[in-house]
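# turn this into a structure:
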Amino acid sequence: MTISIDQFIESFLTAVDFQEAVEVTPDTVLKDLPEWDSLAALGVIVMFDVDFGKTITGDDLKHCTTLTDLYKLLG
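Sure thing, here's the model as predicted:
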């Protein structure tokens with residue numbers, strides 16, 4: 001299954017469920033997002049598992065700076 005970065009971003013926004021709309025691009029720095037916290041990270045881990053059938057860990061997330069870095073975890 002191949003997914004575009006734009007489709008990935010849509011899944012990311014759904015998984016994190018920001019209270020206020022945020023503009024994100026492939027170059028968006030995760031830690032600059034207003035609600036990027038442990039709950040958001042958990043949502044992303046669940047998204048990878050449920051939506052993409054891929055297991056990632058908190059350590060994987062710690063090595064990601066941007067949304068593109070997250071996208072690359074799909075392999």
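
# all contacts plus neighbour counts: C-alpha atoms, from now on.
Fine.

# grab the most central residue of the protein for me.
What sits nearest the mean C-alpha location of the chain, by Cα atoms, centre = their mean, is Phe12, with 4.5 Å.

# name the SS class of that one, please.
Here Phe12 is recorded as helix under DSSP: H, G, I helix; E, B strand; the rest coil.

# so it is in contact with Val46, correct?
No - using Cα atoms under 8 Å, Phe12 makes no contact with Val46, being 10.5 Å away.

# just to revisit the earlier point, near the closest residue to the residue nearest to the centre of the chain other than its chain neighbours, how many other residues are there?
Closest residue to Phe12 apart from its sequence neighbours, by Cα to Cα, 6 or more residues apart in numbering: Val44 at 6.6 Å. By the criterion of other Cα atoms under 10 Å, Val44 has 23 neighbours.

# what of the one 4 residues further on?
By the measure other Cα under 10 Å, the count of residues near Phe48 is 23.

# contact partners for it?
The neighbours of Phe48, taking Cα atoms under 8 Å, 6 or more residues apart in numbering as the test, are Lys54, Thr55, Ile56, Leu74.

# please report the distance of it from Ser11.
Applying Cα to Cα, to the nearest Å, the value for Phe48 to Ser11 is 9 Å.

# no further queries at this time; thank you.
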